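1. I would like the atomic coordinates for the input below:
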Amino acid sequence: MKNKFLKSFILKLGISLIRLVSITWRMQVTNPPQSKAIVVFWHGKMLPLWRLFAFKNSSAIVSQSKDGEILSTLLKKWDFELFRGSSSKGGAIILNNICKQFDKDFLLITPDGPRGPAKTFKAGAAIISKKLQIPIVLCSVKIHSKKEFPKSWDSFQFPLPFSKIHIDFSNKIQIPEEASREKINDFMKSFEEKM
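-> Residues are numbered from 1 along each chain as shown. Predicted coordinates for the structure are as follows:
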C-alpha cells in the first residue's frame, strides 16, 4: 500500500514539474496548421508538441505501456482526448476507433512510437489520413537547451527551463483516398526524408 502511494506521489510530482517547466519554454513556431490536420513528429522530441497543442481541441494516440500511462496523465491535464493503443498492441482496433470517433481539430501522432525504430515512419498516420481524408502536417523540432537521454531507444530530449525551441511545420499533405499500398509507402519514405 505504501509503495503504491509513493509511486502515485512521484508520478503526480513529476507531472506537476513538467507542466511548470513547460510554461517557461520559449517556442518559436513557423507555419502552424490553422485547420483540421494530423500532426506528426518524432517520439524523442515530443514534449514541446504536446505542450503547443494543449487546450487546442486536440486528440492524441498514446500506447498502453507504463510510459504511456505517465504520458496519458500529463495529456489529460492538457485537455487532450486520448486514443490508447499502438502499432504493436491493438493497432487495428485503435485505427477503427479513430476513424469512427475522431472529431477534434488536431490528431497528434508519433509515427515511430512507442518502441521504434527511431525516426522510422509507421503506417498509422498515413492510413488515417487516407481513410478520413484529413491532411498530414510534418513537424521538425530543435531544442536548444536540453537534457538528452542517449541510451533511450528514441534518444529522448527534455527541454530545460527557459529553453528556446524552434518548431517548423510543413504545408499540408493529403494522401489520396484511392492511394495504393505502394503509393502510401512512397509517401512514408518521403515523410521520413522531410522530417
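2. per-residue confidence averaged over the longest helix along the chain?
-> If you go by DSSP state H, the chain has its longest helix at helix 2-24. Averaged over helix 2-24, pLDDT sits at 86.
3. With stretch 135-150 instead?
-> 97.
4. Helices of this structure, start to end?
-> According to DSSP H, the helices that the chain contains are 2-24, 47-52, 66-77, 91-101, 124-132, 181-194.
5. which residues touch the fifth one?
-> In this structure, residues lying in contact with helix 124-132 by CB atoms under 8 Å, 6 or more residues apart in numbering are 38, 40, 61, 87, 91, 94-95, 98-99, 102, 107, 109, 111, 134-136, 174-177, 179, 184, 187-188, 191. In short, each C-beta sits where N, CA and C put it, glycine included.
6. rewinding a little: let me know the angle separating the longest helix of the chain from helix 66-77.
-> 50 degrees (axes from the mean of the first three to the mean of the last three CA atoms, to 10 degrees).
7. For helix 2-24, which helices and strands make contact with it?
-> Where contact means 3 or more CB pairs under 8 Å, 6 or more residues apart in numbering; DSSP states H and E, helix 2-24 is packed against helix 47-52, helix 66-77.
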